[in-house]
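[1] Next input, structure requested:
(one chain, ligands or ions: 1)
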Amino acid sequence: MTNDLSRDRRPFAELSDVAMHYGGAEGTLALEGVTMNVDHGELVAVVGPSGCGKSTLMRLMSGLWLPTDGGVIIDGKEVDRPLSIVGMAFQNPTMLPWRTILENVMLPLEVVAEHKHRLRSHRAHYEARARELLALVGLAGFEHKLPHQLSGGMQQRASLCRALIHDPKLLMLDEPFGALDIFTREDLWAVLQELWLARRPTVMLVTHDLREAVYLADRIVVLSARPGRVIAERRVPFVRPRRREHTFTPEFNALVQELRDLIDIARQPSNATAGEPEHVG
Ligand SMILES: Nc1ncnc2c1ncn2[C@@H]1O[C@H](COP(=O)(O)OP(=O)(O)OP(=O)(O)O)[C@@H](O)[C@H]1O
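    Okay, the predicted model is just below:
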């Protein structure tokens, strides 16, 4: 009992002095000295200059790569292999073109060993869950369409459902709305917020869009230019659910501007090896 309680008090994700060196000593140092925690159910956005190691951070947290230095602990366990408790969505929704939207959403249940068994015995339950998610993102009635029959924004909605179908404890979103027009993107911020509020998975969101980070995140982590280090963190104080009209308030825009200034500083090469991160909020 005591152990369970103490485990619950631990952050959900703990990164300690993490470094990632691709291709050995002569290769690319993508991240260095990254130390950060993420709480259970927290939505953290990671921003930083292009190529600073944001996607690398996501790969290390999901166990797709192992760090060359330091440690990553997720949900109390050292990460030493790809995690099955992760759901992922990327800039490109990568739906399998020959499968219907419903079949694409169900895909993670078929490929992750521990879910395969459950799918066999509880197919009706999972299919109902897939339909429920699709309805939540506005895709009721499109279950039996093929991906090419949907717009990019609709495919991205479906890919969020696919990332959530197995109720992952950790949702990794790498530029999920980067390829979409601004109107669709803003619609999907609201959709994502609703999905997150419904079940509260821990979410890591990589984005180049600072308005997106401020709209969605509880906390924003700013990385330096490569090798990426945490140079600042900002807590986002705005109440939820956030709405589009909030993005026009002076407080919202002041935070976006502050992040923009931090990234400008981060982009200067001399700041890639800045010292202790600055924590605010
Ligand atoms: N598999 C790999 N092998 C070698 N180098 C890699 C690999 N993946 C990434 N890198 C390098 O590591 C650095 C960080 O890449 P990463 O994709 O993590 O950055 P990013 O911040 O996500 O980039 P962007 O903002 O452009 O999406 C880059 O210099 C990249 O070229």
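[2] can you list the residues of the stretch 51-200 of the chain near the ligand?
    Residues of the stretch 51-200 of the chain lying close to the ligand (C-beta under 6 Å from any ligand atom) are 51-56. All C-beta atoms are positioned from the backbone trio N, CA, C, and that covers glycine.
[3] How about G53: what's its closest non-neighbour residue?
    Spatial nearest neighbour of G53, excluding adjacent residues (C-beta to C-beta, 6 or more residues apart in numbering): G228 at 3.3 Å.
[4] was I right about the one you found contacting G33?
    No. Using C-beta atoms under 8 Å as the test, G228 is too far from G33 to be in contact (9.4 Å).
[5] Neighbour count for these two, which is higher?
    G228 (30 against 17; other C-beta atoms under 10 Å).
[6] Okay, helices next: where are they in the protein?
    Applying DSSP state H to the chain gives helices spanning 2-9, 54-62, 101-111, 113-121, 123-136, 152-164, 182-199, 210-216, 250-267.
[7] possible to save these as JSON lines with mean neighbour count?
    Converted to JSON lines, these look like this (neighbours: other C-beta atoms under 10 Å):
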{"stretch": "helix 2-9", "mean neighbour count": "9"}
{"stretch": "helix 54-62", "mean neighbour count": "23"}
{"stretch": "helix 101-111", "mean neighbour count": "19"}
{"stretch": "helix 113-121", "mean neighbour count": "12"}
{"stretch": "helix 123-136", "mean neighbour count": "16"}
{"stretch": "helix 152-164", "mean neighbour count": "24"}
{"stretch": "helix 182-199", "mean neighbour count": "16"}
{"stretch": "helix 210-216", "mean neighbour count": "23"}
{"stretch": "helix 250-267", "mean neighbour count": "15"}
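[8] Columns mean pLDDT and distance to E42 on top of those helices, output as CSV?
    Formatted as CSV, the helices of the chain follow (pLDDT from 0 to 100; distance: least, C-beta to C-beta, whole Å):
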stretch, mean pLDDT, distance to E42
helix 2-9, 54, 14
helix 54-62, 95, 13
helix 101-111, 92, 23
helix 113-121, 80, 25
helix 123-136, 92, 21
helix 152-164, 92, 17
helix 182-199, 91, 10
helix 210-216, 97, 12
helix 250-267, 94, 17
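[9] Relative to A190, how far out is the closest residue to F142 other than its chain neighbours?
    Counting by C-beta to C-beta, 6+ apart, I101 is the residue found nearest to F142 once chain neighbours are left out, at 5.5 Å. Applying C-beta to C-beta, to the nearest Å, the value for I101 to A190 is 20 Å.
[10] G51 now?
    Taking C-beta to C-beta as the measure, G51 falls 30 Å from A190.
[11] do F183 as well
    12 Å.
[12] again with P67
    Distance, P67 to A190, by C-beta to C-beta: 35 Å.
[13] same deal with T100?
    According to C-beta to C-beta, T100 and A190 sit 26 Å apart.
[14] same thing with T249?
    Taking C-beta to C-beta, one finds T249 at 16 Å from A190.
[15] Likewise for P97?
    Distance, P97 to A190, using C-beta to C-beta: 28 Å.
[16] Next: V137.
    Applying C-beta to C-beta to V137 and A190 gives a distance of 10 Å.
[17] Over to T207?
    15 Å.
[18] Just put the helices of the chain in a markdown table and tack on distance to D80.
    Shown next, in a markdown table, are these (distance: least, C-beta to C-beta, whole Å):
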| stretch | distance to D80 |
| --- | --- |
| helix 2-9 | 18 |
| helix 54-62 | 12 |
| helix 101-111 | 20 |
| helix 113-121 | 17 |
| helix 123-136 | 29 |
| helix 152-164 | 23 |
| helix 182-199 | 27 |
| helix 210-216 | 30 |
| helix 250-267 | 31 |
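[19] And those: which comes nearest G76?
    Nearest to G76, of all those, is helix 2-9, at 5.0 Å by C-beta to C-beta.
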